[in-house]
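Chemist: What follows is a predicted structure for the sequence shown.
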Amino acid sequence: MKSILDTRPTLAAEIYKVAEVAGYLWEKGWAERNGGNITINVTNEVGCGCSLPDKALAGPFEIGETLPNLKGCWFYCKGTNRRMRDLARDPMANGSVIKITDDCAHYYIVADTVVPPTSELPSHLAVHNYLIGKGSSYKACVHTHPTQLVAMSHTDAFLKKDVLTKLLWSMIPETKAYCPRGLGIVPYMLPGSKALADATIAAIDEDYDVVLWEKHGVFAIGEDVIEAFDMIDTLNKSALIYRDARAMGFIPDGMTESQMAEISKAFNLPK
Ligand code: 13P
Ligand code: ZN
């Protein structure tokens with residue numbers, strides 16, 4: 001089948017990065033069945049010489065709220081109920097490109113086939129709306145189910161503000177260096193709900209790039225999908241070190257406060 005990507009290399013490059021990350025999520029065991037979702041803002045790619053077909057394939061569909069900064073924006077979205085392992089092979093059969101209407105409350109599915117977007121679209125689009133409003137250059141949102149981080153969200157002790165951030169930072173210097181804003185916490189809420197979208201934005205606004213959805217997963221933002229994935233991967237690596245130390249029969253000491261302060265200084269980190 002002909003794809004809009006055939007003649008649009010800049011758009012294709014961003015969407016193939018999503019496919020690459022979808023493969024990693026499956027390989028890591030974080031994407032059981034249809035678990036997780038990814039959206040990227042491709043408005044710039046569509047704008048730069050690769051305009052999309054005028055005729056929509058389907059829509060308009062309601063977003064569920066009005067998101068004023070999204071007027072005329074374009075997004076690639078994983079399809080609801082679609083599997084990351086399938087998306088890795090064929091991103092345009094397991095996701096679609098959507099365009100937000102001028103009323104900022106609806107979208108059309110534009111390409112390649114009618115694949116309804118993820119059930120977490122309320123959170124994803126609300127976060128993109130927030131990022132544009134802030135003048136952020138971030139274009140990617142990744143939601144996934146990293147096993148060890150989700151396990152750690154099953155005890156109240158780890159859900160108090162910045163307890164997990166400090167613990168994970170202290171497991172290996174890279175975690176603070178490459179996930180320098182830490183891990184925000186969002187209490188359990190119904191998947192796909194507006195309440196979850198609002199709480200996710202509130203946590204991001206507290207200055208986190210990755211937030212933990214209690215007993216569910218994480219939601220990360222980044223300049224691109226690779227950067228968002230790398231932050232989750234780095235945090236989960238720390239969770240694995242913690243788990244392995246506990247499995248070896250001891251509680252890991254962790255780096256000291258002054259060792260972590262030294263990292264902040266050396267890498268010029270925000271926290
Ligand atoms: P979707 O298949 O609708 O993207 O849902 C997966 C998921 O992880 C919901 O939180
Ligand atoms: Zn989920």
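Modeler: Thanks, I have the structure now. Ligands and ions are numbered 1, 2, ... in the order given.

Chemist: Kindly report the residues of the stretch 51-200 of the chain close to ligand 1.
Modeler: Residues of the stretch 51-200 of the chain that fall close to ligand 1, judged by C-beta under 6 Å from any ligand atom: K78, T80, N81, T118, S119, E120, H143, P191. Glycine gets a C-beta too; all of them are placed from N, C-alpha and C.

Chemist: Please name the bridge partners of the closest residue to the fourth one other than its chain neighbours.
Modeler: Distances taken as C-beta to C-beta, 6 or more residues apart in numbering put N37 closest to T118, at 3.7 Å, once the chain neighbours are dropped. As for beta bridges, N37 partners with H143 under DSSP bridges.

Chemist: N37 contacts K78, doesn't it?
Modeler: Yes - using C-beta atoms under 8 Å, N37 is in contact with K78, at 4.5 Å.

Chemist: what about the residue nearest to T118, distance to ligand 1?
Modeler: N37 sits 4 Å away from ligand 1, going by C-beta to the nearest ligand atom, to the nearest Å.

Chemist: same thing with Y76?
Modeler: Taking C-beta to the nearest ligand atom, one finds Y76 at 13 Å from ligand 1.

Chemist: can you pull up the bridge partners for that residue?
Modeler: I40, V97.

Chemist: these two touch, right, G192 and H124?
Modeler: No - using C-beta under 8 Å as the test, G192 is too far from H124 to be in contact (10.4 Å).

Chemist: picking that back up, mind listing the shared neighbours of N37 and K78?
Modeler: T118 (C-beta atoms under 8 Å, 6 or more residues apart in numbering).

Chemist: in stretch 67-74, what's buried?
Modeler: Buried residues in stretch 67-74, counted by 16 or more other C-beta atoms under 10 Å: L67, L70, C73, W74.
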